[in-house]
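Novice: Quick one, fold the following:
(2 chains)
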2 protein chains.
Amino acid sequence: MSKKLTSRAEDYSKWYNELVVKADLAENSAVRGCMVIKPYGYAIWEKMQAELDRMFKETGHQNAYFPLFVPKSLFEAEEKNAEGFAKECAVVTHYRLQNDPDKPGKLRVDPEAKLEEELVVRPTSEAIIWNTFKGWVQSYRDLPLLINQWANVVRWEMRTRLFLRTAEFLWQEGHTAHETKAEALAEAKLMNNVYATFVENFMAIPVVKGLKTESERFAGADDTYCIEALMQDGKALQAGTSHFLGQNFAKAFDVKFTSKEGKQDYVWATSWGVSTRLMGALIMTHSDDHGLVLPPNLAPNQVVIVPIYKTEEQFEEISKIANLIISDLRVKNITVKYDDRTTFRPGAKFAQHELQGVPLRIAIGPKDLENGTVELARRDTLTKEVVSLDLLTGIVEGLMTEIQDTLYKKAFDFRDSHTTEVNSFDEFKETLEKVGGFISAHWDGTSETEDKIKDLTKATIRCIPEDSVDEEGVCVFSGKPSKRRVLFAKAY
Amino acid sequence: MSKKLTSRAEDYSKWYNELVVKADLAENSAVRGCMVIKPYGYAIWEKMQAELDRMFKETGHQNAYFPLFVPKSLFEAEEKNAEGFAKECAVVTHYRLQNDPDKPGKLRVDPEAKLEEELVVRPTSEAIIWNTFKGWVQSYRDLPLLINQWANVVRWEMRTRLFLRTAEFLWQEGHTAHETKAEALAEAKLMNNVYATFVENFMAIPVVKGLKTESERFAGADDTYCIEALMQDGKALQAGTSHFLGQNFAKAFDVKFTSKEGKQDYVWATSWGVSTRLMGALIMTHSDDHGLVLPPNLAPNQVVIVPIYKTEEQFEEISKIANLIISDLRVKNITVKYDDRTTFRPGAKFAQHELQGVPLRIAIGPKDLENGTVELARRDTLTKEVVSLDLLTGIVEGLMTEIQDTLYKKAFDFRDSHTTEVNSFDEFKETLEKVGGFISAHWDGTSETEDKIKDLTKATIRCIPEDSVDEEGVCVFSGKPSKRRVLFAKAY
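Specialist: Numbering: from 1, shown residues only, chains lettered A, B, ... in the order given. Have a look, this model is predicted:
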């Protein structure tokens, strides 16, 4: 557990992989590309879920559950969506195994148990959900339909990495239906804003809100809104997307409604999702060479107390104090764990909690008993101070906010110093190589230029930022006129 | 929505199917045997999940997540388990679709994209989890391992019914590993007790706790504990099971630990689960010919307020009162919905809330404005009374407990009057036909007799009740000696 991590400077990618495993967040499984989310990692995901779920409900959405499988005939109904996902989907073809006559003790697929129609394991649920919505929507009175689902999905990715890109992942997918285009557009933007608020306030990660270019859009969408974050290695990570689907799925699945005026029309749609990929963003934004660093808002244990003692008597006295601290902090809604395991020494416990990113560590030893103090250690700054017991609760409470803010500010400053405006392609390439990060540049608006830049530099257009201003300029690549800057970066 | 249900007396099974759909709980999907859980049904499931999750955590369990897929070679490792589930499992054989050259616009499985090893969609997760546990357990310090997972599973059932038996269902599955047999047995019993407490206190359904006979055990278990409930048609429903798995999975997946004394041994295991099947039990235990009846502890809305008005002025006055009631009740943690939709008349609202089982309905009309009263209607008893506004909060609060208790008592009395001790096979058959319900009878302990009784009567042994006492007797079927009674019933 306490073996040293590879440093970020040495090998960022190796650092990430080691950290995820050593901090007990997740591990690879026996199934190609699928991960096991371990209890500590899952506890963080549960905190994310709880907050997002609250925000979805507050904005009027209801949870429901739709089938894991999509019959092939439904899957192919919306052509662009099908095309986008057909190349990497798991397909169920049989519904039974039988004893293998050639290999005793082994099983094989029963050739007699072939499905009449193949079932695709959902890579996303628009098809099955819109086929269901058809039965739910008749009149304007049934609209808007504001549905969310927490589910697992499968995309047969060839190169996978824990949390960032896995064949199976957990996510939520919102699916909504509206009377008008304006309403659906407003919903898509609203949910992108909800994601931004969550990622900034809870995950302490600054994001850029914007619109995807046509070639980066969700398959089947008319517009894709997104939030983009910047990792410590200067690569961008798409943290969430919200799609305006126009009437594409309504037409593919024939979902019409009768308006107040008695007119029939197709409904307007959105879908939006965030996934366990957010765990990857959380890890890569804040953590350091010592291990995970967690913002207090998402830490399963915000504070850990470690007793240091030689005698049983000391242990008992320390435990009394620890229990008093715990009850005081719980009143303030701060989650505390008393690590009184006798199977590990204090040093091993310190190392584990540092690796697992517990925001605050309180150590209580014999000297503290004499002085009425404790030792308080911050994970984010790796600083320690001796604090009087009387003042502890107030200090800890204050630090919860301060650490959350500090982490956000640090990530914000990093992004700020890694966002560069460039005005020529040479500058573009040089910045990408030397600084990395976001590059703000003029672009002529064509997929052709976008593709060429990607081929030459591996950088893609992360988004057309929501807050970018009108500005006359010329495309850094083609020299053609451009009216606003877009954000390029290499990305996860 | 308000069309009358088929009555239970007329056709119980039809009543159930209609109720599930009309009360907006669930519906069949385009995928054979898979259901869509609609928002109202899902909201009830979420309340069940929240309480169970709390109880699991309180008893020291942690959530985690394991892959959806089980490679065939792992699936077949524990022979009995494999045999039990091989006949009804969905199998993924390919990872890509391509354009069908013979049918423009259609897709087909890409024959080039065949998996080297087939993947079984988990029907239960022992295999994939025990293969993972192998890496998690080295010494006694790693034990006990107390893990739970909330997930979807797939069993290719041929005859399906909403909630009761579906090809895909949602559940939780606990998987634990222990140093000793005694500890694992205690865990299996503990979790069966947790289930019983939840079902009795939250779902208001009395259950019999007991042990399954060998032929009714989980495939791969040494013992299966269960809770059995009785539905209104006199059929039993298995509401939860908790398995003592011995060392079967530890041996199949080679999971050993080093004890405090330095000895190597296989660990001892349990697994336990409840599923969306509980929704079926909930519906069938309490509901009536008017629709769903929900215990307050699980009702998404415990109280609904319906305004009755002719003028806009009345509506405003009523809304003011409604909002006061809402804030008073929320302080008491009572969830209230103000149904101020203008698109439906009060009569339609009454019908909907009755059908959906909202425990209490408050109606406020012009007369109530004059008198400072409201009309309070109980869903369980279908009784109404006019209540002074001043007394309302206290009355509603009291009714939350009273309704919960009344539902439990009603179900308990029903079960009591449908549990019969019989001492001959003629009596057995007559009781089964005329009374139904649980039949307490002596049995000789052989699977042979059990099978014959099942063939002749369709009744199975639901369990050997935990609280059954030693009593000399003779088997109702074979006349051979028996030492205790077991519980027979026809079952879902």
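Novice: Could you grab the helix/strand/coil label for the residue in the stretch 351-492 of chain A positioned nearest to chain B?
Specialist: Distances between the stretch 351-492 of chain A and chain B by C-beta to the nearest C-beta are smallest at A:Gln352, namely 13.0 Å. Where you see a C-beta, it was placed from the backbone N, CA and C, and this is true even at glycine. State at A:Gln352, reduced to three classes by DSSP: H, G, I helix; E, B strand; the rest coil: helix.
Novice: That one - how many residues pack around it?
Specialist: As a burial measure, A:Gln352 scores 21 neighbours (other C-beta atoms under 10 Å in any protein chain shown).
Novice: what ranges do the helices span in chain A?
Specialist: Taking DSSP state H as the criterion, chain A carries its helices at A:12-22, A:39-58, A:72-75, A:79-86, A:126-136, A:181-201, A:248-252, A:277-286, A:312-331, A:346-355, A:366-371, A:392-417, A:425-434, A:447-457.
Novice: Please identify the most buried of those helices.
Specialist: Per residue and on average, the most neighbours among these fall to helix A:277-286, with a mean of 25 (mean count of other C-beta atoms under 10 Å in any protein chain shown).
Novice: That one near chain B at all?
Specialist: No: where contact is defined by C-beta under 8 Å from any C-beta of the partner chain, no part of helix A:277-286 touches chain B; the two come within 11.4 Å at best.
Novice: ok and that helix relative to helix A:12-22, angle-wise?
Specialist: 120 degrees (axes from the mean of the first three to the mean of the last three C-alpha atoms, to 10 degrees).
Novice: Format the CA atom coordinates belonging to helix A:277-286 as PDB.
Specialist: Coordinates of the C-alpha atoms in helix A:277-286 are reproduced here as PDB (Å, rounded to 0.1, in the frame of the first residue of the first chain):
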ATOM      1  CA  ARG A 277     -15.300   9.300 -16.200                       C
ATOM      2  CA  LEU A 278     -15.800  12.200 -13.800                       C
ATOM      3  CA  MET A 279     -13.800  10.100 -11.300                       C
ATOM      4  CA  GLY A 280     -10.900  10.300 -13.700                       C
ATOM      5  CA  ALA A 281     -11.200  14.100 -13.900                       C
ATOM      6  CA  LEU A 282     -11.400  14.400 -10.200                       C
ATOM      7  CA  ILE A 283      -8.200  12.300  -9.700                       C
ATOM      8  CA  MET A 284      -6.200  14.000 -12.400                       C
ATOM      9  CA  THR A 285      -7.100  17.600 -11.500                       C
ATOM     10  CA  HIS A 286      -6.200  17.600  -7.800                       C
END
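Novice: what stretches of chain A score poorly on pLDDT?
Specialist: Under the criterion of pLDDT under 70, the regions of chain A flagged as low confidence span A:1-3.
Novice: Using the record's assignment, carve it into domains.
Specialist: Domain ranges of chain A: A:12-286, A:301-399, A:419-489, per automatic domain parsing.
Novice: now the first one, how far from the chain's geometric center?
Specialist: From the chain centre to the centre of domain A:12-286 is a distance of 12 Å (C-alpha atoms, centre = their mean, to the nearest Å).
Novice: before we move on, what about the shortest one?
Specialist: Per C-alpha atoms, centre = their mean, the displacement of domain A:419-489 from the mean C-alpha position of its chain is 25 Å.
Novice: one step back: to B:Gln238, which of the domains of chain A lies closest?
Specialist: With respect to B:Gln238, and counting by C-beta to C-beta, the nearest of these is domain A:12-286 at 22.1 Å.
Novice: can you tell me which residues contact A:Ala299?
Specialist: Neighbour list for A:Ala299: A:44, A:47, A:335, A:357-359 [criterion: C-beta atoms under 8 Å, 6 or more residues apart in numbering or on different chains].
Novice: One more pass at 10 Å, please.
Specialist: If a contact means C-beta atoms under 10 Å, 6 or more residues apart in numbering or on different chains, then A:Ala299 has A:43-44, A:47, A:292-293, A:334-335, A:356-360, A:379, A:400, A:403-404 as its contacts.
Novice: for chain B, what are the nearby residues on the stretch 301-450 of chain A?
Specialist: Counting by C-beta under 10 Å from any C-beta of the partner chain, the stretch 301-450 of chain A comes close to chain B at A:341, A:343-344.
Novice: now the residue nearest the centre of chain A: how far from A:Val207?
Specialist: Nearest to the mean C-alpha position of chain A, by C-alpha atoms, centre = their mean, lies A:Leu278 at 1.5 Å. From A:Leu278 over to A:Val207 the distance is 11 Å, taken as C-beta to C-beta, to the nearest Å.
Novice: Give me the common contacts of the two.
Specialist: Taking C-beta under 10 Å, 6+ apart as the criterion, A:Leu278 and A:Val207 both touch A:195, A:198-199, A:229, A:237, A:239-240.
Novice: Report the two of those residues separated the most.
Specialist: When the shared contacts of A:Leu278 and A:Val207 are compared pair by pair using C-beta to C-beta, the farthest-apart members prove to be A:Phe198 and A:Leu237, with a separation of 15.0 Å.
Novice: what sits against the residue nearest to A:Asn201 when sequence neighbours are not counted?
Specialist: Sequence neighbours aside, A:Asn297 is the residue nearest to A:Asn201 in space, at 7.3 Å (criterion: C-beta to C-beta, 6 or more residues apart in numbering or on different chains). Under the criterion of C-beta under 10 Å, 6+ apart, the neighbours of A:Asn297 are A:47-48, A:51, A:198, A:201-204, A:359, A:400-401, A:403-404, A:407.
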